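# return a 3D structure for these sequence lines:
(chains A, B, C and D)
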Number of protein chains: 2
Amino acid sequence: MAKDRKIDMVMLGLLSHEDLTGYDIKKRIDGVISFFWKGSFGSIYPALNDMEKNGLIESRTESRGAREKILYHIMDKGTESLKDWLREEQVSNDLKYETLLKLYFGGVEERDITLHNIELFEEETRRTLSVLRIYRDNLEKVLDDGDHLNYYLTVTFGIDTYEAYLKWCAKAKRILEERSEHPEK
Amino acid sequence: MAKDRKIDMVMLGLLSHEDLTGYDIKKRIDGVISFFWKGSFGSIYPALNDMEKNGLIESRTESRGAREKILYHIMDKGTESLKDWLREEQVSNDLKYETLLKLYFGGVEERDITLHNIELFEEETRRTLSVLRIYRDNLEKVLDDGDHLNYYLTVTFGIDTYEAYLKWCAKAKRILEERSEHPEK
DNA sequence: ATTTAATATATCAAAATGATATATGATTGA
DNA sequence: TCAATCATATATCATTTTGATATATTAAAT
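Okay, the predicted model is just below:
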């Protein structure tokens, strides 16, 4: 079998705070979480059905006035599963940087292309960084209560690494430009 | 349809330098490349067959004395496809940090668990960093010729971000320990 | 000499992606 | 006002990828 479904843990984590629909979960994932994890409807809805079948969560249908929706509630078995996962020793940080792939294989094209791709990455990083800083500023105000410390640390991880990206971009651009002006070979 | 196969670009990139078997490709991917991209046999072999069918690569079977193996050679169509990809504007950097997921949802467990998970990440980062530094030191010697500049920049990206990880780890541990000694709530 | 490790190709179930289908309720602007 | 557009909501599907396993040969080690 393949690795066990990580999307389950994302959803159990979210459901440990409040009852949510599949659509709500998708919206939450598309927020801060999207900086370190992604999830699509194609994985969310089947996983919700599956987890309910296994007694990790429970659903109820609501429709007062508005259109019908299925709200999910976490069960004890789900909380245990979440805690077990947090206590597991092995983690897999699986990073797919298409930017680095293009940098690594950039030698088959002109140096300008590599330079341009770094600039694209730099712009994107700058945009993301400004969003992360807003998240951080808001979290700093409520640092004392509950889970906000965890959220704060997660966001600062993003900020620190994205700042490192920018420094690297500047350095890489300088090196590439130097070598284009004075080509050795 | 889903996004177009990125494994094709990894393999074309590798094949643009030398003829390789599927097994060779897997070994290459498990080297430096694995820091920013991964690939399994289950995606490599079917993609090789597919790319040959589409005229991007060509195979020949060798067996002189040793056991039979299928070597792949890049065709003009394959090189064009690789160059087209390098010139594409949109890139997707898809990062899955299970460590951050555990940090983000760590509030459901004791603070010690979060601290321990950060320490696990720190150790792993330290190990990886020492490997990357060896790669860098070797690349620095041959910086002038060909693609080595691209390889060098890729490796320094890893070093710079992993160093940022370590700084963050120290900071995060300090903050968590402070808050455990003087719990506000 | 025998076990273990490396080479080599292939397949499979499970998981995830990204797109699309379908339908309703809310908002907006011509 | 009423059509168009957007947000909500669930679901499915083909394609891609993962991680594991199966199978077999050759090389190295004990």
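
# where do the strands sit along chain A?
Under the criterion DSSP state E, strands of chain A are mapped to A:57-62, A:69-74, A:93-97.

# my guess is A:Ile29 meets A:Trp37, correct?
Yes. In this structure, A:Ile29 is within contact of A:Trp37 by CB atoms under 8 Å, at 7.0 Å. Quick note: C-beta positions are derived from backbone N, CA and C, even for glycine.

# what is in contact with those two at once?
Common neighbours of A:Ile29 and A:Trp37 (criterion: CB atoms under 8 Å, 6 or more residues apart in numbering or on different chains): A:Val10.

# ok so, going back, dump the strands of chain A into CSV; add mean neighbour count and mean pLDDT as well.
Conversion of the strands of chain A to CSV gives the following (neighbours: other CB atoms under 10 Å in any protein chain shown; pLDDT from 0 to 100):
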stretch, mean neighbour count, mean pLDDT
strand A:57-62, 14, 96
strand A:69-74, 18, 97
strand A:93-97, 17, 97
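
# among those strands, which is nearest DNA strand D?
With CB to the nearest atom of the strand as the measure, strand A:69-74 is the member of those nearest DNA strand D (3.3 Å).

# between strand A:57-62 and the closest one, find me the angle.
Our comparison of strand A:69-74 with strand A:57-62, counting by axes from the mean of the first three to the mean of the last three CA atoms, to 10 degrees, yields an angle of 150 degrees.

# and strand A:69-74, what does it pack against?
Taking 3 or more CB pairs under 8 Å, 6 or more residues apart in numbering or on different chains; DSSP states H and E as contact, the helices and strands that strand A:69-74 lies on are helix A:7-15, helix A:22-29, strand A:57-62.

# highest mean neighbour count out of the ones you listed?
Mean neighbour count (mean count of other CB atoms under 10 Å in any protein chain shown) peaks for helix A:7-15 among the helices and strands packed on strand A:69-74, with a mean of 23.

# output the strands of chain A as JSON lines; include the columns distance to DNA strand D.
Output for the strands of chain A, formatted as JSON lines (distance: least, CB to the nearest atom of the strand, whole Å):
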{"stretch": "strand A:57-62", "distance to DNA strand D": "8"}
{"stretch": "strand A:69-74", "distance to DNA strand D": "3"}
{"stretch": "strand A:93-97", "distance to DNA strand D": "6"}
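
# out of the ones you listed, flag the one nearest A:Asp144.
Using CB to CB as the criterion, the shortest distance between A:Asp144 and these is 25.2 Å, found for strand A:69-74.

# including distance to A:Asp145, could the strands of chain A go into TSV?
TSV is the format used below for the strands of chain A (distance: least, CB to CB, whole Å):
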stretch	distance to A:Asp145
strand A:57-62	26
strand A:69-74	21
strand A:93-97	29
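
# longest single helix anywhere in chain A?
Looking across chain A with DSSP state H, the single longest helix is helix A:148-181.

# for that helix, which positions count as buried?
A:148-162, A:164-165, A:168-169, A:172-173, A:176 (16 or more other CB atoms under 10 Å in any protein chain shown).

# would you mind naming what in chain A lies close to DNA strand D?
Counting by CB under 7 Å from any atom of the strand, chain A comes close to DNA strand D at A:1-3, A:21-24, A:26-27, A:40-42, A:45-46, A:48-49, A:66-67, A:69-71, A:92, A:94.

# domain map for chain A?
Domains of chain A are assigned by automatic domain parsing as A:7-87, A:98-181.

# any idea how far the last one is from the chain center?
Centroid separation for domain A:98-181 versus its chain: 14 Å, with CA atoms, centre = their mean, to the nearest Å.

# rewinding a little: I'd like to know which elements the longest helix of chain A is packed against.
Applying 3+ CB pairs under 8 Å, 6+ apart, we find helix A:148-181 packed against helix A:111-140, helix B:98-104, helix B:148-181.

# which residues touch the shortest one?
Contacts to helix B:98-104, defined as CB under 8 Å, 6+ apart, come from residues A:6, A:9-10, A:13, A:32-33, A:35-37, A:85-86, A:91-94, A:150-151, A:153-154, A:157, B:114, B:117-118, B:120-121.

# run through chain A and note the low-pLDDT ranges.
Applying pLDDT under 70 to chain A flags residues A:1-3, A:65, A:181-185.

# how does it look with 90?
Within chain A, the ranges that satisfy pLDDT under 90 run A:1-4, A:63-68, A:142-146, A:179-185.

# nearest to B:Ser130, out of the helices and strands packed on helix A:148-181?
Among the helices and strands packed on helix A:148-181, the nearest to B:Ser130 by CB to CB is helix B:148-181 (9.8 Å).

# next, the angle from the closest one to strand A:93-97.
Using the same axes, to 10 degrees: helix B:148-181 against strand A:93-97 is 140 degrees.

# can I get the domains of chain A in a markdown table including distance to DNA strand C?
Output for those, formatted as a markdown table (distance: least, CB to the nearest atom of the strand, whole Å):
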| stretch | distance to DNA strand C |
| --- | --- |
| domain A:7-87 | 2 |
| domain A:98-181 | 10 |
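
# now do the buried residues in stretch A:133-142.
Within stretch A:133-142, the residues that qualify as buried are A:135-136, A:139, counting by 16+ other CB under 10 Å.

# ignore what I typed, I meant stretch A:35-50.
A:35-39, A:43-44, A:47-48.

# is there proximity between that stretch and chain B?
Yes. Under the criterion of CB under 8 Å from any CB of the partner chain, chain B is reached by stretch A:35-50 at A:35-38.

# distance from that stretch to the middle of the chain?
On CA atoms, centre = their mean, the centre of stretch A:35-50 falls 13 Å from the chain's centre.
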